[in-house]
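Visitor: 3D, please:
(one chain, ligands or ions: 2)
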Amino acid sequence: MNEEQRKQQAQINQEANFDRIKNTSSDDMISKYFQTNYEPQSPDIKKARKRRKEDVQFHYDFSIPEDVATVGKGKKFLIRTYGCQMNEHDTEVMAGILTEMGYESTSNTEDADIILLNTCAIRENAENKVFGEIGHLKPLKLEKPDLIIGVCGCMSQEESVVDRILKKHQHIDLIFGTHNIHRLPQLIKEALFGKEMIVEVWSKEGDVIENLPKVRKGKIKAWVNIMYGCDKFCTYCIVPMTRGKERSRRPEDIIQEVRHLVAQGYQEVTLLGQNVNAYGKDFEDIQYGLGDLMNDIHKIDIPRVRFTTSHPRDFDDRLIEVLAQGGNLLDHIHLPVQSGSTEILKKMNRKYSREDYLELVRKIRKAIPNATLTTDIIVGFPNETEEQFEETMTLMEEVGFEAAYTYIYSPREGTPAARKTDDVPEDVKKKRLYRLNELVNKQSAESMRKYDGQTVKVLVEGESKKDPDVLAGYTEKNKLVNFKGPKSSIGKIVEVEITEAKTWSLNGIMVENTVEVN
Ligand code: SAM
Ligand code: SF4
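Guide: Ligands and ions are numbered 1, 2, ... in the order given. Coordinates of the predicted model:
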């Protein structure tokens, strides 16, 4: 297509876009999408459970098609990310693809030629935020009809969400699912040159796509996906339906990625997965789990290695034995417990009891006496009694968690728990969350006090958000430290003497003649 044809096509698209936005919620149009572009599939736990026997395909042949290789030249993109680290990392991949297509990044919506909302479906309020943002973007689209607005991530895997966008938000140009990220170049082409909303959501189990380009958020810490999906089917959770089945990347691909990051000067990697310690369970040709992978990465010259998130059920002895070697394998373990009540854990399908969890904690502490434990907790699961909630409070103290992400249970369509009637009033749930958070704050503050007067190793990430004269970084145990020091220490591991402990952070001063540990 030459320049003249491209201009004509842009003119046609502009008119079509105007028509589409003006004629919102045409039922004819919606049924047409469903027939041609989109096979509606509600999150369905029965179907999802049957998927485990399907083969995982590995693809190493990603490339940008020639006809769209320069489509982004002179244009800008903005990706807004909601939710977990997995989404953050998917954004890095999408940014990589867009950059290879010639786009440049911007943080200003008005400057953007393409805006992607990378969404989270884990709780209702996460979804509400995204719908709010979709609404806010409508005037911009009316002003700038050539702007492409896309919705991707976990929400786009839900039929009800796609349906709602098709019916009420015709200013959206593109919806694509978590299994379709590598198809972004083709989807952008369709959105640029087609007249209709493009919807491509594969409700498949998922493959492993290697060699995707990435533009990482920083140059100090990096995410490395080691596996995708989840087969745990906790009764409250939508993730097994939005992210496909558990599938592991091959160890050699992961190790190569970590080595490459070392060569680029990265100081810390976090191995990522919804259920990171189920790593390797799907391999049929080798016996190789997270413990083995950590053992191999332990030998690589990278100062810090973390992993998240682990499931208590898959936390095996081999992993504990490997972590106990220390060195670059950090002794902060995020181990979501969800509830302290065995009955609630059973209803959640977590497949461990309170006692099993405590036994695992004992094992970890025996092998790694200084281990710091943090967790995730859900309060107000359907019909949770006051006694069952109290068991969560006592577990919190018994384990001595130093931090916790706490949530009120949010019903998710298609999950078994959402079908239960619930006798716990919302205000009771809120009070429980408040009480739990008070305890979390108290335990966090106590854990911080231990560092007062101590010297800790801090990986310096940059200037503090609140004060550019102060530097900020994290200790091995993931405690935020704000301190005065030279800007030249950014990107390095330095020693900082702690002068003040707060509830969620530490203040300090950099020790003179500090020894760099890299
Ligand atoms: N795979 C991890 C695990 O099993 O612990 C966590 C993944 S999930 C993205 C992060 C946290 O969100 C969970 O640990 C849980 O506490 C919370 N969560 C998931 N579904 C929820 C729901 N329906 N309502 C409230 N919190 C939820
Ligand atoms: Fe969701 Fe985590 Fe349970 Fe998987 S293990 S279903 S991601 S809470």
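Visitor: drop to CA atoms for contacts and neighbour counts, all remaining ones
Guide: Fine.
Visitor: mind listing the strands for the stretch 51-200 of the chain?
Guide: Here the stretch 51-200 of the chain has its strands, by DSSP state E, counting those that start in this stretch, at 58-59, 76-81, 104-105, 114-119, 148-153, 174-176, 198-200.
Visitor: point me to the residue of the stretch 301-450 of the chain nearest ligand 2.
Guide: Nearest residue of the stretch 301-450 of the chain to ligand 2 (C-alpha to the nearest ligand atom) works out as residue 311 at 6.2 Å.
Visitor: using JSON lines, lay out the strands of the stretch 51-200 of the chain together with mean pLDDT and distance to ligand 1.
Guide: Listed next are these as JSON lines, based on pLDDT from 0 to 100; distance: least, C-alpha to the nearest ligand atom, whole Å:
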{"stretch": "strand 58-59", "mean pLDDT": "94", "distance to ligand 1": "23"}
{"stretch": "strand 76-81", "mean pLDDT": "98", "distance to ligand 1": "14"}
{"stretch": "strand 104-105", "mean pLDDT": "98", "distance to ligand 1": "27"}
{"stretch": "strand 114-119", "mean pLDDT": "98", "distance to ligand 1": "12"}
{"stretch": "strand 148-153", "mean pLDDT": "97", "distance to ligand 1": "12"}
{"stretch": "strand 174-176", "mean pLDDT": "95", "distance to ligand 1": "20"}
{"stretch": "strand 198-200", "mean pLDDT": "91", "distance to ligand 1": "23"}
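Visitor: now render these as a markdown table, adding mean neighbour count and distance to ligand 2.
Guide: A markdown table is the format used below for the strands of the stretch 51-200 of the chain (neighbours: other C-alpha atoms under 10 Å; distance: least, C-alpha to the nearest ligand atom, whole Å):
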| stretch | mean neighbour count | distance to ligand 2 |
| --- | --- | --- |
| strand 58-59 | 12 | 22 |
| strand 76-81 | 21 | 18 |
| strand 104-105 | 18 | 30 |
| strand 114-119 | 23 | 15 |
| strand 148-153 | 24 | 15 |
| strand 174-176 | 24 | 21 |
| strand 198-200 | 22 | 23 |
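Visitor: got those as JSON lines, with distance to residue 337 columns?
Guide: Converted to JSON lines, the strands of the stretch 51-200 of the chain look like this (distance: least, C-alpha to C-alpha, whole Å):
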{"stretch": "strand 58-59", "distance to residue 337": "33"}
{"stretch": "strand 76-81", "distance to residue 337": "26"}
{"stretch": "strand 104-105", "distance to residue 337": "38"}
{"stretch": "strand 114-119", "distance to residue 337": "25"}
{"stretch": "strand 148-153", "distance to residue 337": "25"}
{"stretch": "strand 174-176", "distance to residue 337": "32"}
{"stretch": "strand 198-200", "distance to residue 337": "35"}
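Visitor: thinking again about what came up before, separation between the residue of the stretch 301-450 of the chain closest to ligand 2 and residue 401?
Guide: Residue 311 sits 16 Å away from residue 401, going by C-alpha to C-alpha, to the nearest Å.
Visitor: residue ranges with poor pLDDT in the stretch 201-350 of the chain?
Guide: Within the stretch 201-350 of the chain, the segments meeting pLDDT under 70 span 204.
Visitor: what segments of it are helices?
Guide: Secondary structure of the stretch 201-350 of the chain by DSSP state H, counting those that start in this stretch: the helices cover 239-242, 251-263, 290-298, 317-323, 342-347.
Visitor: most tightly packed of the ones you listed?
Guide: Using mean count of other C-alpha atoms under 10 Å, the stretch among the helices of the stretch 201-350 of the chain with the largest mean neighbour count is helix 239-242, at a mean of 25.
Visitor: which residues are in contact with residue 474?
Guide: By C-alpha atoms under 8 Å, 6 or more residues apart in numbering, the contact set of residue 474 is 458-461, 480-481.
Visitor: just residue 392 next, same as before
Guide: 339-341.
Visitor: same question, residue 479
Guide: Taking C-alpha under 8 Å, 6+ apart, we find residue 479 in contact with 504-506.
Visitor: residue numbers of the stretch 201-350 of the chain in contact with ligand 1?
Guide: Contact residues (C-alpha under 6 Å from any ligand atom) of the stretch 201-350 of the chain with ligand 1: 236-237, 274-275, 309, 311, 336, 338.
Visitor: most proximal residue of the stretch 251-400 of the chain with respect to ligand 2?
Guide: For the stretch 251-400 of the chain, C-alpha to the nearest ligand atom, closest residue to ligand 2: residue 274, 5.1 Å.
Visitor: how many other residues sit next to the residue nearest to residue 393 when sequence neighbours are not counted?
Guide: Excluding the flanking residues, the one nearest residue 393 by C-alpha to C-alpha, 6 or more residues apart in numbering is residue 436, at 6.6 Å. As a burial measure, residue 436 scores 22 neighbours (other C-alpha atoms under 10 Å).
Visitor: cool, thanks, talk later.
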